[in-house]
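Engineer: Mind looking at a prediction? Sequence and model below.
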Amino acid sequence: MQKPRITAATAALASLLVLAACGTEKAGSDPGAGTVSPDLPVTGVHWAVDSLTVDGRKTPAPAGTYVEIEKNGRAKGNSGCNHFGATVTVEGDTLEVGLGETTEMACDAMDFETAFHKAFTGKLKAKLAGDRLTLTAPDGTTSLALTSEPPAPLNGTTWTVDSLLSGDTATSVPKGAEGKAHFVIDKDGKVGGSLGCNRFSTTAEISGRTVTFGQITTTRMRCTGPEMDLETELYEVFGGSATYELRHRGLSLVNAEGKGFAATAKG
């Protein structure tokens, strides 16, 4: 019987088949060997902080608390009272956070803010499920629960005033008036809401980044000192023209004298 002839091409093909078989066997015996888990898609998203859990105790986050992780390795947000910046490295399902700068406004949420910064520092294990993100500290006893939120439009959104602005300074609304002032600018330019004590209505004409308010009308209730103090500050803004800045779910309105306020979109 004539023996089969082995050519150089046949030998090369056989070698390739052996290598392929070896590679298949290795992958089957050691799943994931030689592969790198992709980074979780957490950048470029506005993450609203829902709650902070420490040693089993869950604390709801103040309204407007959020984190945004940018693709350039930076993060920014609001920790319940002050705005902050940080460095962030994303590797697979791990975030390494180094806290940077913060503003220094005093408010009632300082305890939460202190706990938040401790939780949002160091190497954190991330778990993403739909629009919900959980960040857990290495010891497993501290975690942050976050939810992705879409941006809020200027018109049709209920805006709640949470701080007062004067030049480069931001201060909390007067104690006792938190959450009392809110308003909506509808698609037709009609404005309505509360100044903290009295209901009010006016109109808004928007051109570029300028909002020109019309004649304002209010109810005539008498309220406590903090509410009236807040109302006086807001009346100055709604009584004329102001420059607005919209940042995802945050809005600021500042008049020509540099007086104004910041507000957060209602969830």
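Structural biologist: Thanks, I have it.

Engineer: Just list the residues touching residue 229, thanks.
Structural biologist: By C-beta atoms under 8 Å, 6 or more residues apart in numbering, the contact set of residue 229 is 174, 177. Placement of C-beta: from N, CA and C, glycine included.

Engineer: Could you rerun that using 10 Å?
Structural biologist: Contact analysis of residue 229 by C-beta atoms under 10 Å, 6 or more residues apart in numbering lists 164, 173, 174, 176, 177, 196, 197, 223.

Engineer: Over to residue 220?
Structural biologist: By C-beta under 10 Å, 6+ apart, the residues touching residue 220 are 197, 198.

Engineer: What ranges does the stretch 1-150 of the chain have for its strands?
Structural biologist: 46-54, 57-60, 66-69, 74-78, 83-91, 94-102, 122-129, 132-136, 142-148 (DSSP state E, counting those that start in this stretch).

Engineer: Just put the contacts of residue 229 in TSV and tack on secondary structure and pLDDT.
Structural biologist: Shown next, in TSV, are the contacts of residue 229 (DSSP: H, G, I helix; E, B strand; the rest coil; pLDDT from 0 to 100):
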residue	secondary structure	pLDDT
164	strand	93
173	coil	90
174	coil	90
176	coil	89
177	coil	91
196	coil	94
197	coil	93
223	coil	85
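
Engineer: Name the member of these with the most neighbours.
Structural biologist: Within the contacts of residue 229, residue 196 tops the neighbour count with 28 neighbours, counted by other C-beta atoms under 10 Å.

Engineer: how about that one, phi and psi?
Structural biologist: Here is the backbone geometry of residue 196 (degrees, to the nearest 10): phi 120, psi -30.

Engineer: before we move on, what about residue 224?
Structural biologist: Per degrees, to the nearest 10, the backbone of residue 224 is at phi -70, psi 170.

Engineer: Run a quick neighbour tally on it.
Structural biologist: 13.

Engineer: In contact with it, which residues?
Structural biologist: So residue 224 contacts 174, 176, 177, 180, 196, 197 (C-beta under 10 Å, 6+ apart).

Engineer: how does it look with 8 Å?
Structural biologist: Contact analysis of residue 224 by C-beta under 8 Å, 6+ apart lists 176, 197.

Engineer: My understanding was that residue 165 contacts residue 255; is that so?
Structural biologist: No. In this structure residue 165 lies outside contact range of residue 255 using C-beta atoms under 8 Å: 9.8 Å.

Engineer: So the spatially most central residue of the chain versus residue 79, what's the distance?
Structural biologist: In the chain, the C-alpha closest to the average C-alpha coordinate belongs to residue 66, at a distance of 3.1 Å (C-alpha atoms, centre = their mean). Separation of residue 66 from residue 79 (C-beta to C-beta, to the nearest Å): 9 Å.

Engineer: quick check: domain ranges of the protein?
Structural biologist: 46-148, 158-265 (automatic domain parsing).

Engineer: follow-up on the earlier one: Throw the strands of the stretch 1-150 of the chain into JSON lines and include distance to residue 232 and mean pLDDT, thanks.
Structural biologist: Formatted as JSON lines, those follow (distance: least, C-beta to C-beta, whole Å; pLDDT from 0 to 100):
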{"stretch": "strand 46-54", "distance to residue 232": "31", "mean pLDDT": "96"}
{"stretch": "strand 57-60", "distance to residue 232": "31", "mean pLDDT": "96"}
{"stretch": "strand 66-69", "distance to residue 232": "29", "mean pLDDT": "94"}
{"stretch": "strand 74-78", "distance to residue 232": "26", "mean pLDDT": "93"}
{"stretch": "strand 83-91", "distance to residue 232": "26", "mean pLDDT": "94"}
{"stretch": "strand 94-102", "distance to residue 232": "29", "mean pLDDT": "91"}
{"stretch": "strand 122-129", "distance to residue 232": "44", "mean pLDDT": "96"}
{"stretch": "strand 132-136", "distance to residue 232": "41", "mean pLDDT": "97"}
{"stretch": "strand 142-148", "distance to residue 232": "36", "mean pLDDT": "97"}
